[in-house]
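# Got a sequence here, can you model it:
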Amino acid sequence: MMKQILEATNLCKSYSNGSVMQHVLRNLNIQIYEGDFTVIMGSSGSGKSTLLYALSGMDKPTLGNIQYRNEDISNYNNDKLAVFRRKHCGFIFQQMYLNDTMSVMDNILVSGLLVTKDRKELKKKAEELLQAVGLNEECYHKFPSQLSGGEAQRVAIVRALINSPEIVFADEPTGALNSQNATNVLDVMTDMNAKGQSIVMVTHDMKTARRANRILYLKDGIIIDELNLGMYIKGDQERHDTLRTFLEKMGW
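Residues are numbered from 1 along each chain as shown. Sure thing, here's the model as predicted:
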């Protein structure tokens, strides 16, 4: 049985739009497990990204509790949330948010140095991770503008992993990539998960979603159903068909 890392109970998130309240998440319950690759799907406006930001401590819920290894982080102030994110979470976004004035290596090191001051050891780890995602020494001193989209996203993956997070949160990480670069990035993330990395990803793309072992479907701020696909196997047509049938049932 997989061990639970994160749990949200009766999670609500609302925004005020003038005199009108917009309820994005509605008494939502979710559990995230060690070594799990969970994908959150749903139509536009269903609350996918809002849920991701709440679970990762990037945004505070309006109501409800979020427990990380049985510690309630729901009422942490901004400083405590920042420490929590640095220690336990990695982030990969559709827009890479790399600093254009810094080299690839410095973009990664600046994140790692928030946790450790051992620059030499951190650089060694960064080099190992860059090589693991297929980026050689030629890339280390390049600037983001000199990278392809796929290369930049792989740098963002390394930056997300540099502090050895227990959970990596990804918001449409392949949305801005061409087909080949998207496949390359998904191969890296699938390999990460096979080695035990927990991943929570938001996507609208079925090819991306089928890499997960677990699909949660959101509608109007509520998880209405989930699908367990098991371990990813390349070229598994039955997996593809099972996911498509599930999504069609959800009205996707």
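# For the stretch 1-150 of the chain, just list every one of the strands.
Ranges of strands in the stretch 1-150 of the chain, per DSSP state E, counting those that start in this stretch, are 4-17, 20-33, 37-42, 63-68, 71-72, 89-93.
# again but with the stretch 151-252 of the chain, I slipped
167-171, 198-202, 214-219, 222-228.
# Just name the most buried of the ones you listed.
Across the strands of the stretch 151-252 of the chain, averaging neighbours per residue (mean count of other CB atoms under 10 Å) puts strand 198-202 on top, at a mean of 25. Heads up, the C-betas are built off the backbone N, CA and C, glycines and all.
# That one vs strand 37-42, what angle?
10 degrees (axes from the mean of the first three to the mean of the last three CA atoms, to 10 degrees).
# give me every residue that touches the nearest residue to residue 155 once chain neighbours are set aside.
Using CB to CB, 6 or more residues apart in numbering and skipping residues adjacent in sequence, the residue nearest residue 155 is residue 104, 5.3 Å away. Applying CB atoms under 8 Å, 6 or more residues apart in numbering to residue 104 gives the contacts 130, 135, 139, 140, 141, 142, 143, 144, 147, 155.
# how about 7 Å then?
Contact analysis of residue 104 by CB atoms under 7 Å, 6 or more residues apart in numbering lists 139, 140, 142, 155.
# thinking again about what came up before, out of the strands of the stretch 1-150 of the chain, which is closest to residue 187?
Closest approach to residue 187 among these (CB to CB): strand 37-42, 13.2 Å.
# Which elements pack onto the closest one?
Applying 3 or more CB pairs under 7 Å, 6 or more residues apart in numbering; DSSP states H and E, we find strand 37-42 packed against helix 48-55, strand 198-202, strand 214-219.
# Check the contacts of residue 104 against residue 204 and report the nearest one.
residue 155 (23.7 Å).
# Next up, the contacts around the closest one.
Taking CB under 7 Å, 6+ apart, one finds 98, 104, 107, 108, 147 in contact with residue 155.
# Go through the strands of the stretch 1-150 of the chain and pick out the most buried.
It is strand 37-42: most buried of the strands of the stretch 1-150 of the chain by mean count of other CB under 10 Å, with a mean of 24.
# now the angle from it to strand 20-33?
Put simply, strand 37-42 runs at 160 degrees to strand 20-33, going by the same axes, to 10 degrees.
# Let me see the mean pLDDT of strand 37-42.
Mean pLDDT, computed over strand 37-42, is 97.
# Ok, stretch 151-165 next?
Averaging pLDDT along stretch 151-165 yields 90.
# Over to stretch 132-142?
pLDDT averaged over stretch 132-142 gives 91.
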